[in-house]
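>>> predicted model and sequence follow; I will ask about them next.
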Amino acid sequence: MHTRTVFFVSDGTGITAETFGNAILAQFEIVPRHVRLPFIDTVDKAHQAVRQINHTAELEGRKCIVFTTLVNMEVLKVIQEGCKGMLLDMFGTFVHPLEVELGIKSHHR
């Protein structure tokens, strides 16, 4: 079985990112090493998270998988632009299509 480091990055507790990420990962025969990075709610914390993710990828010789549930667009941008992992932005994936379908903007909180 494959082993991969999986980061769950959130501006809250990280439980939503981890729960959803685990549901997706359960579809594959891998043994993930979980790293939850909660309360990434400032640009400085986002830069620290990027350094940790990229350092882990460098040590392991392959990309980390990164699930995010970040609301703050400035914080998310730091992760998107600096992270060398496979980034799966759960809010970006689902919120915008729902805004289009519902014809309203989300509270994005």
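The structure has been received and is ready for your questions.

>>> pLDDT below threshold where in this structure?
Along the chain, segments meeting pLDDT under 70 span 1, 108-109.

>>> that one: helices as residue ranges?
If DSSP state H is used as the criterion, the helices of the chain fall at 15-25, 43-60, 73-82, 90-102.

>>> would a markdown table of these with mean neighbour count be doable?
Just so you know, the C-beta spots here come from the backbone N, C-alpha and C atoms, and that holds for glycine as well. As requested, the helices of the chain are exported to a markdown table (neighbours: other C-beta atoms under 10 Å):
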| stretch | mean neighbour count |
| --- | --- |
| helix 15-25 | 16 |
| helix 43-60 | 16 |
| helix 73-82 | 16 |
| helix 90-102 | 12 |
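
>>> which one of these lies nearest to H2?
Distances from H2 to each of the helices of the chain were compared using C-beta to C-beta; the minimum, 10.8 Å, belongs to helix 15-25.

>>> distance to T3 added to the helices of the chain, as TSV?
Conversion of the helices of the chain to TSV gives the following (distance: least, C-beta to C-beta, whole Å):
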stretch	distance to T3
helix 15-25	12
helix 43-60	9
helix 73-82	23
helix 90-102	23
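
>>> so which of these gets nearest F7?
Going by C-beta to C-beta, the one of the helices of the chain nearest F7 is helix 43-60, 5.5 Å.

>>> report the angle between that closest one and helix 73-82.
Note on geometry: by axes from the mean of the first three to the mean of the last three C-alpha atoms, to 10 degrees, helix 43-60 and helix 73-82 are set 20 degrees apart in direction.
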